[in-house]
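Enquirer: Let's see this in three dimensions:
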Amino acid sequence: MVFCRQCKRKVEDCPHCVFPIQGPRVRVYDEKVDTLTYVHETRTLQIHFRSGQSWQLFDVPDGIYKELRESTISSFLKFIAQRYRAAPVKQGIHAIAIPQNELCAQCTSPMTQSHKVAAAVSDYVRVEWACPACNKSEWKMYGSDPERTRKERLH
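Expert: I've put the predicted structure just below:
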């Protein structure tokens, strides 16, 4: 759960939440912040807090990111949080992007979702797609591969 400033309440997902960015997580030594992720092309900084929440800041210059990596972040957060546009990051199954439709492998017509299955603690979602043109259906998985994730936890 994260407190959305626009909704003015704690939410798991809302229209103001954004999808997580992909990139290396850089561990920092701070009592409140665990890691930072930065994408130079879009100047997007994602802050992963020890509490489990994550926030993105937009249009953050490279210099600010470099300074954050080398300083005590907590004291600097209030300054940058007010200066840059911020959004909470989707978490759990809400952070898994599922397309609006898939193309049928048999007839290439657009398929629609008929079922979606996910456990609250999982990091993947299974979707059954149905093709109205040829009545074909198929299951696809989005998110992390549960078997790979299980093996990584064991090693």
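Enquirer: mind listing the helices for this protein?
Expert: 62-69, 73-83, 146-154 (DSSP state H).
Enquirer: where does the residue nearest in space to the middle of the chain land on pLDDT?
Expert: By C-alpha atoms, centre = their mean, the chain has its centre lying nearest to Pro20, at 2.8 Å. The model reports Pro20 with a pLDDT of 90.
Enquirer: likewise the one 3 residues further on?
Expert: Here the pLDDT value assigned to Gly23 is 89.
Enquirer: give me the number of residues near the residue nearest to it when sequence neighbours are not counted?
Expert: Closest residue to Gly23 apart from its sequence neighbours, by C-beta to C-beta, 6 or more residues apart in numbering: Thr37 at 4.7 Å. C-beta coordinates here come from the backbone N, C-alpha and C atoms, glycine included. Counted with other C-beta atoms under 10 Å, the neighbours of Thr37 add up to 20.
Enquirer: what's the distance between Thr37 and Ser137?
Expert: According to C-beta to C-beta, to the nearest Å, Thr37 and Ser137 sit 37 Å apart.
Enquirer: and what of Val2?
Expert: Shown here: Val2 relative to Ser137, a distance of 35 Å by C-beta to C-beta.
Enquirer: Compare those two (neighbour count), which wins?
Expert: Legend: neighbour count by other C-beta under 10 Å for Val2 and Ser137, higher for Val2 (22 against 13).
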